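S.K.: Sequence and predicted structure, then a few things I'm wondering about:
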Amino acid sequence: PLFRAAFPEESGPITYDQMARAIGAFERRLVTPSAFDRFQNGDLDAISRAELEGFERFLSTGCVTCHNGPGLGGAMYQKIGLVNPYPTEDLGRHRVTDNEADRYVFKVPSLRNVVKTAPYFHGGQVETVDKVVRLMAHHQLGLDLSNSDVSTIIAFLGSLTGTIDMRYIAMPDLPPSGPSTPAPDPT
């Protein structure tokens, strides 16, 4: 019934295209509005002075070069070790595309909720946001940040933490498995 309501122009069984559109619609709503969003929407008191200083440092340091747009990242690919080589054996997108230009290229992650989502990097090899900020500044921008700069940027990153309406991500009541529905994956 929910698919019929979502796709009233379609008749017949649920299709992979409909599932892909439904998943995309769901993911686009997985937004966690944060204090920074309120600030961008005109509430100048939504973030603290320290968070504002961190935002200014984030911009002036050059982090925004890759971490931009609504998600502060997540919309582009970039070579890890752009300025100073990053020690990794993972070839990144090159493994998929076999294109030399994609060697050590990875998707730039969104910074939304970043202070709450350790460990970091695609392999989870970095445990603290402090270390990530230092590594990215060094390897991507060629900068060695002071402790003060790192703390200031992390204050801004904290303003990107939001909350999601738990009703939106609650497990729905699913139909029982049967001949026309898939069985749950036992793993």
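M.R.: That came through, no problem.
S.K.: so R21, which of the three states?
M.R.: Here R21 is recorded as helix under DSSP: H, G, I helix; E, B strand; the rest coil.
S.K.: Might you list the low-confidence residue ranges for the protein?
M.R.: The chain contains residues with pLDDT under 70 at 182-187.
S.K.: can you do 80?
M.R.: Scanning the chain for pLDDT under 80 picks out the ranges 13, 26-31, 164-187.
S.K.: Tell me how many other residues crowd the residue nearest to F7 when sequence neighbours are not counted.
M.R.: Leaving aside its sequence neighbours, F7 sits nearest to Q18 (Cβ to Cβ, 6 or more residues apart in numbering; 5.3 Å). From N, CA and C alone the C-beta is placed, and that goes for glycine too. Q18: 15 surrounding residues under other Cβ atoms under 10 Å.
S.K.: Check the secondary structure at Q18 for me.
M.R.: helix.
S.K.: That one: what's it in contact with?
M.R.: Taking Cβ atoms under 8 Å, 6 or more residues apart in numbering, we find Q18 in contact with 3, 6-7, 10.
S.K.: Distance check, the residue most central in space within the chain against Q40.
M.R.: Taking Cα atoms, centre = their mean as the criterion, S110 is the residue nearest the geometric centre of the chain, at 2.8 Å. S110 sits 15 Å away from Q40, going by Cβ to Cβ, to the nearest Å.
S.K.: next one: P175
M.R.: Taking Cβ to Cβ, one finds P175 at 41 Å from Q40.
S.K.: same check, this time on F3
M.R.: Using Cβ to Cβ, one gets 35 Å for the distance from F3 to Q40.
S.K.: ok, now D130?
M.R.: Distance of D130 to Q40, given as Cβ to Cβ: 25 Å.
S.K.: Then M171?
M.R.: According to Cβ to Cβ, M171 stands 32 Å off from Q40.
S.K.: what's around the nearest residue to A75 once chain neighbours are set aside, how many residues?
M.R.: Take A75 and drop its neighbours on the chain: the residue closest to it by Cβ to Cβ, 6+ apart is G69, 5.0 Å away. G69 has 12 neighbours, counted by other Cβ under 10 Å.
S.K.: Next: Y77.
M.R.: Using other Cβ under 10 Å: Y77 sits among 12 other residues.
S.K.: is it true that it touches Y104?
M.R.: No: between Y77 and Y104 there is no contact under Cβ atoms under 8 Å: 10.5 Å.
S.K.: What are the boundaries of the strands in this structure?
M.R.: With DSSP state E as the criterion, the chain has strands at 77-79, 105-107.
S.K.: Please convert those strands to a markdown table, extending it with distance to G24.
M.R.: Formatted as a markdown table, these follow (distance: least, Cβ to Cβ, whole Å):
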| stretch | distance to G24 |
| --- | --- |
| strand 77-79 | 20 |
| strand 105-107 | 17 |
